[in-house]
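Engineer: Have a look at this prediction, sequence included:
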Amino acid sequence: MVKYINVKSRTRNEFIDITDKIQELVREEGITGGICSIYVPHTTAGITINEGADTSVQRDIQTALTKLVPLEADYYHREGNADAHIKSTLVGVSQVVFIEEGKLLLGTWQAIYFCEFDGPRHRRVAVRFLKTIKSSS
Ligand code: ZN
């Protein structure tokens, strides 16, 4: 069954660390081993995994994305958020993380980020688990 995490962004571009919320879901569901699929059902947001210890990294990523895809350019999309759609496609809307012994298998410095590109908004992140079936041997 799909579980949802609610996320509230406060600015137009913002990375929100959702690692603890997803780890909490793993615990609630009692999953010891398997795969966790994380999906953002939005066209102007994304999901990425990157440095969680030094928050200046996420700022650098946002700065680089904005240099690559400026707010104002010769876009056809008239809603005024073409940059957000493009950033969403560049970053991607899903990630897969392994679960081992009840824990998300992330590197020491890794965190899972919800990436807002057209905030502030109320958003949802869909999470689905696939449990490992233990073999008898
Ligand atoms: Zn749009």
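Structural biologist: Everything's here; your move.

Engineer: use CA for all of it now, contacts and neighbours both
Structural biologist: Will do.

Engineer: So what's the gap between the lengthiest helix in the chain and the chain middle?
Structural biologist: The longest helix of the chain (DSSP state H) is helix 56-68. Offset of helix 56-68 from its chain centre (CA atoms, centre = their mean, to the nearest Å): 16 Å.

Engineer: any residue of whatever helix or strand comes next after that helix up close to the ion?
Structural biologist: Counting by DSSP states H and E, the next helix or strand C-terminal to helix 56-68 is helix 82-91. No. Using CA under 5 Å from the ion, helix 82-91 stays clear of the ion, with a minimum separation of 5.8 Å.

Engineer: got it, and stretch 108-120?
Structural biologist: No. Using CA under 5 Å from the ion, stretch 108-120 never reaches the ion; the gap is at least 9.0 Å.

Engineer: let's number from 51 now, not from 1
Structural biologist: Sure thing, new numbering starts at 51, so read that last one as stretch 158-170.

Engineer: Show me what the mean pLDDT comes to for that stretch.
Structural biologist: For stretch 158-170, mean pLDDT is 98.

Engineer: contacting residues around Ser101?
Structural biologist: No, residue 101 isn't Ser; it's Glu. Val107, Gln108, Trp159, Gln160, Ala161 (CA atoms under 8 Å, 6 or more residues apart in numbering).
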